[in-house]
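Undergrad: fold the following for me, if possible:
(4 chains)
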There are 2 protein chains.
Amino acid sequence: MTSRRAYKREGEEARRAALIAATLDCIAEGGPQAATVRAIALRAGVTQGLIRHYFATKEDLIAAAHETLMSSLTAASAARLDELPADALARLAGFVANAVTPPVVDPRAMSLWAASMQLVPRDSAMRAVHETTYLAFRDRLEQMIAAALQAAGKPADPATTRRLAIAGNALLDGLWIEASLLPDHFAKDDMTSIATKAFESLLDLKFPE
Amino acid sequence: MTSRRAYKREGEEARRAALIAATLDCIAEGGPQAATVRAIALRAGVTQGLIRHYFATKEDLIAAAHETLMSSLTAASAARLDELPADALARLAGFVANAVTPPVVDPRAMSLWAASMQLVPRDSAMRAVHETTYLAFRDRLEQMIAAALQAAGKPADPATTRRLAIAGNALLDGLWIEASLLPDHFAKDDMTSIATKAFESLLDLKFPE
DNA sequence: GCTTAAATTATACACTTGCATAATTGCGAG
DNA sequence: CTCGCAATTATGCAAGTGTATAATTTAAGC
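TA: Coordinates of the predicted model:
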């Protein structure tokens, strides 16, 4: 009559995803130290032994979680790309405004991102992930910048667009961080206007209304 | 004949400083989880009991460490202010170049900064510290921007300088982060040139050679 | 419906963690 | 020189950590 906990079998993908989600939740709420095996299992509605069944070690789970986080962050900004207008200038303007306002601006995402950044200097796998996702985002921005410059009839040689993409990316990153850290300091319109005008200055062109 | 460890008495300030420094070293090397009481004591050349003697709890020590870190980060960029030229344009140019190159760009500092950022969303004390230091840095930048605009004979109304300071600050933050995370991706001259040209575009002026 | 392999739970273990408390030692005051 | 007290070390402890392994249960195949 030993009443053992009832459970349901889930597919491997679903369980891995659930464990990763639970891990990110734990880290977001209490930092890396809060992401203990037991806390993660509890949040995933599972007993701790199961973690070991899907991830050889806790470190593996953490790594998988960070990888998932990174791709979801870039995916979030890419998702809206289709909804943007076709006109190159309006397209870039929309992309910029999107990057510095909710839901892309988000304290939880920011906290998780900071946790990842901390690992980059000392974990080569994390460094590789960061490098890839950073360059992917920057390349996309560079293409939109090049298109916008051409649409405005300005020269868009590779050296120039690279430089502008690096600066533009940094600008968006910095604004995203501050808006996420101090949400009450910046009104939504405020942020959009700051980012938009900065990009107009940077590229020396004017976005359509 | 129990040979107890020999030790030297240090003043309270010295010991607190040493413990804080050891704490930051631990966090920089292995993240918050590596900053255990024992690891900190070992690095400070002290036994763990002493920590409790100077800090009621580990959390107190961590908080003190983050506070020290933040003020030292802003102090680092302020220290060089006197060495900058008097001419407003050259002064701003030097400030910008300084912010995106070593020793301000530094993986260790970046790692520690990320650790702090992670605490901001869930720790009100850390949030207050961040807000203060962020605004202090931004205000300093705003003043230099206003001076540069005036020197170039351009209008420098408060709304404009505020907007430019926010964008300029974000730009410097973003470049600082990337240069610190991926040191091999950017040559020193490269970074300086990118930051300088971006600021010239942003303010619509030209820095002296 | 059995059988069976895999998914899941349960339990145990060795080790680390932060903290408390007692035992000593350095070092200035007299 | 020695006394006394605060600074420091040493030791212990209960709780939490990751991981290993055995015991069970689910559900699919025949």
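Undergrad: distance between the ends of stretch A:94-112?
TA: End-to-end distance of stretch A:94-112 (CA to CA, to the nearest Å): 25 Å.
Undergrad: buried ones in it?
TA: For stretch A:94-112, burial by neighbour count (16 or more other CB atoms under 10 Å in any protein chain shown) applies to A:94-101, A:104-107, A:109-112. For every residue, glycine as well, the C-beta is placed using N, CA and C.
Undergrad: now that stretch, how far from the centre of its chain.
TA: Chain-centre distance of stretch A:94-112: 8 Å, with CA atoms, centre = their mean, to the nearest Å.
Undergrad: separation between residue A:177 and DNA strand D?
TA: 28 Å (CB to the nearest atom of the strand, to the nearest Å).
Undergrad: swap in residue A:118?
TA: Distance from residue A:118 to DNA strand D, counting by CB to the nearest atom of the strand: 17 Å.
Undergrad: what about that residue, how many neighbours?
TA: 27 (other CB atoms under 10 Å in any protein chain shown).
Undergrad: over to residue A:21?
TA: Residue A:21, neighbours per other CB under 10 Å, totals 15.
Undergrad: residues contacting it?
TA: residue A:44 (CB atoms under 8 Å, 6 or more residues apart in numbering or on different chains).
Undergrad: and it, what's its pLDDT?
TA: For residue A:21, the pLDDT comes out at 98.
Undergrad: cool, and residue A:2?
TA: Reported pLDDT for residue A:2: 61.
Undergrad: before we move on, what about residue A:121?
TA: The score at residue A:121 is 86. That number is its pLDDT.
Undergrad: identify the farthest-apart pair in the buried residues of stretch A:94-112.
TA: Taking CB to CB, the two most distant members of those are A:94 and A:111; they sit 26.5 Å apart.
Undergrad: run the chain-centre distance for the lowest-mean-pLDDT helix or strand in chain A.
TA: Ranked by mean pLDDT, DSSP states H and E, the helix or strand of chain A with the weakest confidence is helix A:58-79, at a mean of 89. Remark: helix A:58-79 is offset 8 Å from the chain centroid, using CA atoms, centre = their mean.
Undergrad: name the residues that touch it?
TA: A:16, A:19-20, A:23-24, A:27, A:32, A:35, A:37, A:40, A:51, A:54-55, A:95, A:98-99, A:103-104, A:109, A:112-113, A:115-116, A:119, A:123, A:125-126, A:129-130, A:133, A:136-137, A:140.
Undergrad: show me just the buried residues among those.
TA: A:16, A:19-20, A:23-24, A:27, A:32, A:35, A:40, A:51, A:54-55, A:95, A:98-99, A:104, A:109, A:112-113, A:115-116, A:119, A:123, A:126, A:129-130, A:133, A:137, A:140.
Undergrad: tell me how chain A divides into domains.
TA: Domain assignment for chain A by automatic domain parsing gives A:9-55, A:63-203.
Undergrad: lowest-confidence stretch among those domains?
TA: Among these, domain A:63-203 scores lowest, with a mean of 93.
Undergrad: right, is stretch A:175-182 up against chain B?
TA: Yes. Stretch A:175-182 lies within reach of chain B by CB under 8 Å from any CB of the partner chain, at A:175, A:177, A:178, A:181, A:182.
Undergrad: quick revisit: does DNA strand C have contacts with the least confident helix or strand of chain A?
TA: No. Residues of helix A:58-79 contacting DNA strand C under CB under 7 Å from any atom of the strand: none, with a closest distance of 13.1 Å.
Undergrad: give the buried residues for that helix.
TA: A:61, A:62, A:63, A:64, A:65, A:66, A:67, A:68, A:69, A:70, A:73, A:77.
Undergrad: so which of the residues of stretch A:175-182 next to chain B comes closest to DNA strand C?
TA: residue A:181 (25.9 Å; CB to the nearest atom of the strand).
Undergrad: stretch A:14-33 near DNA strand C at all?
TA: Yes. Stretch A:14-33 comes into contact with DNA strand C (CB under 7 Å from any atom of the strand), by way of residue A:15.
Undergrad: just the CA trace of that stretch, in PDB.
TA: C-alpha atoms of stretch A:14-33 as PDB (Å, rounded to 0.1, in the frame of the first residue of the first chain):
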ATOM      1  CA  ALA A  14       8.400  17.800 -24.300                       C
ATOM      2  CA  ARG A  15      10.200  16.800 -21.100                       C
ATOM      3  CA  ARG A  16      13.400  18.400 -22.100                       C
ATOM      4  CA  ALA A  17      11.600  21.600 -23.100                       C
ATOM      5  CA  ALA A  18       9.700  21.600 -19.800                       C
ATOM      6  CA  LEU A  19      12.900  21.100 -17.800                       C
ATOM      7  CA  ILE A  20      14.700  23.900 -19.700                       C
ATOM      8  CA  ALA A  21      11.700  26.300 -19.200                       C
ATOM      9  CA  ALA A  22      11.700  25.500 -15.500                       C
ATOM     10  CA  THR A  23      15.400  26.100 -15.300                       C
ATOM     11  CA  LEU A  24      15.100  29.500 -16.900                       C
ATOM     12  CA  ASP A  25      12.200  30.400 -14.600                       C
ATOM     13  CA  CYS A  26      14.400  29.600 -11.600                       C
ATOM     14  CA  ILE A  27      17.300  31.600 -12.900                       C
ATOM     15  CA  ALA A  28      15.100  34.600 -13.700                       C
ATOM     16  CA  GLU A  29      13.500  34.500 -10.200                       C
ATOM     17  CA  GLY A  30      16.500  33.900  -8.000                       C
ATOM     18  CA  GLY A  31      19.700  33.900 -10.100                       C
ATOM     19  CA  PRO A  32      21.800  30.900 -11.000                       C
ATOM     20  CA  GLN A  33      22.100  29.800  -7.300                       C
END
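Undergrad: all set now, cheers.
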